[in-house]
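>>> Got a predicted structure plus its sequence, pasted below:
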Amino acid sequence: MSSKLMSLEDAVSRFVDDGDTIYAGYLCVPFALTHEIVRQGKKNLEVVGSSVVWPGTELVMAGACRRIRSGYMSGALRPGDFTSLMDSGELQYEDYSNQAIALMLMGGALGVPFVPTRTFLGTDYLSPALDDHPGSIPGYKRIHEMESPFDGEKVVLLPSIRPDVVIMHAQRADADGNIQMWGHMGDARWGLWAGRKVIVTGEEIVDREVVRSDPGRTVLHGFKVSAVVHWPYGAHPGGLAGYYDFDYAFIGRALAAGLNSFEGFAKFREEWIDGMRDSGTYIAKVRELIGDDAFEAIAIQEHVIPKVPVDYGYSRTLNLPLRQGEPPW
Amino acid sequence: MVEAATDYTLPELMCVEGARLMPDTGVAVLGLGLPVLSGVLAKCMHHPELVICTEVGVFDWAPDVSRLARSSMGIHDLILNHGAAGVSDMVDVLGTALMGQNVDFGYLTGAQVDRFGNVNTLVMGDYRAPARRLAGTGGNTEIACLAPRIFVLMPQEPRRWVERVDFITSPGYIDGPGARLRAGLDPQGPNTIVSTMGVFGYDTTDGSDGSCELVLEAVFPGFDADIIASMIPWPLRLADTIREVAPPTIDELDLLRRLDPHMYYLTPGRY
């Protein structure tokens, strides 16, 4: 297999197109990739995900995102420039729930057009008011309630989502594009599988033998992955299990103001996005801003390592069948 | 005699009383916000056999309380990988576990609650021209739709306790007896709401009988039924006997504060 390794710039310029629907990985927050999308001035993206938090908000504030489908938009929490875009309809949006979006991504991954669920029954999400609001996506059918053709039980059908591109930050990857992640994963597993193109920044790039000695930790396979980029601290100020924790000092002192208004974002962008073309420069500047103590506070102090190494072993010899050609089962 | 604390706040007692009222056993999904803090207190102090889960893929979190640095900050804290019996993903927790009928109860909060226990997490006012948007429902909706029993924490503020929520994101008994079944949902109950002044049950066993309205069952120290009824915009039903909630013990309050060392949950002045 030819190597999937490339630079951040190449990965985004080759695999993120204007107008793409993008899944911006949930827990392993893909900030380095989000910043690169902003630097390259991509336009008219749609962001999908159960909970669209900081990276999604950043793409909206940067003018890169025109549409969101999610169960939770942190940008909508405070009245301001983000909610003004929603009110005016400049930002299109459809409200779902976390389970709904996770299932819609699963449906996309499975290649089926819709997924049934029992969530939303008895709620106002079924109200026609949601089909016609300032942010409605023109011509889009959001939800459909019906009785099961098999037992008559009420179900809600949700349209599957097949993102054009997935951006994700993972603990490790190999040059073939195999991605290994661990810890709780939100909707990331199905989001990864649902994507047509997948770009991953890896905290570490490891030999393929490392991946193949522990295949149960692989969440997506090289044949599904378009590009792998080595980018330490690629989730910062998000956290990554085993490497560093969420940096609430940076969020409070730099990111929050950047996501609250266009004016704040312009400053954040100048300082933390436009000039930051490598991980080392970025993280040195973070350390300078928050100070050594706060920087060390995000380091992993509580390690969670298996008490006993696992063994995927098997027998080389077996008790082979007595007569050749006769299967033993 | 257990020593009672005196310097507690009402939101603290809300979290403590909610933790006490959890069942001793069963599988619980804890929703974003105060239910995480209160649910972790329940697990660490009153109900060690509880199986607590969060929707990002955490199953049966059992932290070592003697050296626990904090409760989970939100439902996604990396600390949840430490001491969980299993970690996987959202489709497992909200799909296979919850919708597959393997969860015993949910623990939620929200922006508004109404007479029939419906909760709103999404929008204040008309959806199409909202007075105020919120971030969204997250997993609150499916937990309320699908768990067979629900506990809710809801500060006793007039803006939160309304005759009818502006938007049902998370159904309680909708508009009365039989409504859940008609909507296609399973029976649910006995449900409980804890506010910053009292504890409420419902006039129903599972949504099929009774009026399905909230019933005041207990009051916090210093409050009575009249005060609470005056803060609620419909004629509040009262239980035949109204219990008085015990103040937090010193141990409960110490642990609660240790679980929230930066006052991320119980920010002064927030509730």
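All right, it came through fine. Residues are numbered from 1 along each chain as shown, chains lettered A, B, ... in the order given.
>>> only C-alpha atoms for contact and neighbour calcs from this point on.
Will do.
>>> pretty sure residue A:39 is in contact with residue A:272, am I right?
No - Residue A:39 is beyond contact range of residue A:272, at 10.6 Å (criterion: C-alpha atoms under 8 Å).
>>> Give me the mean pLDDT for stretch B:9-21.
Mean pLDDT, computed over stretch B:9-21, is 98.
>>> which residues of chain A fall in strands?
A:21-24, A:45-52, A:65-73, A:92-95, A:114-117, A:144-147, A:154-159, A:165-173, A:179-180, A:197-205, A:218-220, A:227-230 (DSSP state E).
>>> any idea which helix or strand carries residue B:17?
helix B:10-21 (DSSP states H and E).
>>> what separates the next helix or strand after that helix from the chain centre, distance-wise?
Sequence order places strand B:27-30 as the next helix or strand after helix B:10-21, per DSSP H and E. On the basis of C-alpha atoms, centre = their mean, to the nearest Å, strand B:27-30 sits 11 Å off its chain's mean C-alpha point.
>>> if we look at strand B:27-30, which residues are touching it?
B:36, B:39, B:50-55, B:75, B:102-108, B:143 (C-alpha atoms under 8 Å, 6 or more residues apart in numbering or on different chains).
>>> for stretch A:125-137, same thing?
Residues beyond stretch A:125-137 that count as contacts (C-alpha under 8 Å, 6+ apart) turn out to be A:86-94, A:96, A:120, A:141-145, B:127-128, B:168-169.
>>> switch to 6 Å and redo it
Contact with stretch A:125-137 is made by A:86, A:89, A:92, A:93, B:128, as judged by C-alpha atoms under 6 Å, 6 or more residues apart in numbering or on different chains.
>>> With stretch B:48-60 instead?
Here stretch B:48-60 has contacts from A:184, A:186, B:25-30, B:61, B:75, B:84-90, B:93, using C-alpha under 6 Å, 6+ apart.
>>> Look through the stretch 151-300 of chain A and state the residue closest to chain B.
residue A:186 (4.0 Å; C-alpha to the nearest C-alpha).
>>> Nearest spatial neighbour of that residue, chain-adjacent residues omitted?
residue B:56 (4.0 Å; C-alpha to C-alpha, 6 or more residues apart in numbering or on different chains).
>>> Please report how far that neighbour lies from residue A:237.
Residue B:56 sits 19 Å away from residue A:237, going by C-alpha to C-alpha, to the nearest Å.
>>> Those two - which one has more neighbours?
Higher neighbour count among residue B:56 and residue A:237: residue B:56, with 28 against 24, using other C-alpha atoms under 10 Å in any protein chain shown.
>>> Look up how far residue B:97 lies from the more buried one.
12 Å.
>>> now residue A:319
Counting by C-alpha to C-alpha, the gap between residue A:319 and residue B:97 amounts to 40 Å.
>>> Please identify which of these two sits among more neighbours.
Neighbours were counted for residue A:319 and for residue B:97 using other C-alpha under 10 Å; residue B:97 has more, 20 against 7.
>>> Which pLDDT does the model give the spatially closest residue to that one that is not a sequence neighbour?
Take residue B:97 and drop its neighbours on the chain: the residue closest to it by C-alpha to C-alpha, 6+ apart is residue B:103, 6.0 Å away. At residue B:103, the pLDDT value in this model is 98.
>>> all helices of the chain, in order?
Chain wasn't specified; assuming chain A. Secondary structure of chain A (DSSP state H): helices at A:8-15, A:31-39, A:54-61, A:81-88, A:98-110, A:188-194, A:208-212, A:248-250, A:256-260, A:262-268, A:279-290, A:292-297.
>>> wrong one, chain B
Going by DSSP H, chain B shows helices at B:10-21, B:34-41, B:90, B:140-146, B:179-183, B:225-230, B:250-259.
>>> Now render those as a markdown table, adding mean neighbour count.
Formatted as a markdown table, these follow (neighbours: other C-alpha atoms under 10 Å in any protein chain shown):
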| stretch | mean neighbour count |
| --- | --- |
| helix B:10-21 | 23 |
| helix B:34-41 | 27 |
| helix B:90 | 29 |
| helix B:140-146 | 29 |
| helix B:179-183 | 17 |
| helix B:225-230 | 14 |
| helix B:250-259 | 19 |
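>>> For my notes, please list these in TSV and give distance to residue A:212 for each entry.
As requested, these are exported to TSV (distance: least, C-alpha to C-alpha, whole Å):
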stretch	distance to residue A:212
helix B:10-21	45
helix B:34-41	37
helix B:90	26
helix B:140-146	38
helix B:179-183	49
helix B:225-230	62
helix B:250-259	40
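>>> Next, format those helices as TSV and append distance to chain A.
TSV is the format used below for these (distance: least, C-alpha to the nearest C-alpha, whole Å):
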stretch	distance to chain A
helix B:10-21	22
helix B:34-41	16
helix B:90	5
helix B:140-146	5
helix B:179-183	5
helix B:225-230	27
helix B:250-259	17
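>>> Any part of stretch A:53-62 near chain B?
No - judged by C-alpha under 6 Å from any C-alpha of the partner chain, stretch A:53-62 stays clear of chain B, getting no closer than 9.4 Å.
>>> Chain B contacts on chain A?
So far as C-alpha under 6 Å from any C-alpha goes, chain A lies against chain B at A:71-74, A:76-77, A:97-99, A:119, A:121-124, A:133, A:154, A:183-187, A:241.
>>> With mean pLDDT and mean neighbour count added, can I get the helices of chain A in TSV?
As requested, the helices of chain A are arranged in TSV below (pLDDT from 0 to 100; neighbours: other C-alpha atoms under 10 Å in any protein chain shown):
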stretch	mean pLDDT	mean neighbour count
helix A:8-15	98	17
helix A:31-39	98	23
helix A:54-61	97	25
helix A:81-88	96	17
helix A:98-110	98	27
helix A:188-194	97	27
helix A:208-212	98	14
helix A:248-250	96	18
helix A:256-260	95	20
helix A:262-268	97	17
helix A:279-290	97	15
helix A:292-297	97	14
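>>> For the ones you listed, could you give me CSV that also reports distance to residue B:211?
Below are the helices of chain A laid out as CSV (distance: least, C-alpha to C-alpha, whole Å):
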stretch, distance to residue B:211
helix A:8-15, 57
helix A:31-39, 51
helix A:54-61, 43
helix A:81-88, 38
helix A:98-110, 31
helix A:188-194, 42
helix A:208-212, 59
helix A:248-250, 46
helix A:256-260, 45
helix A:262-268, 50
helix A:279-290, 56
helix A:292-297, 53
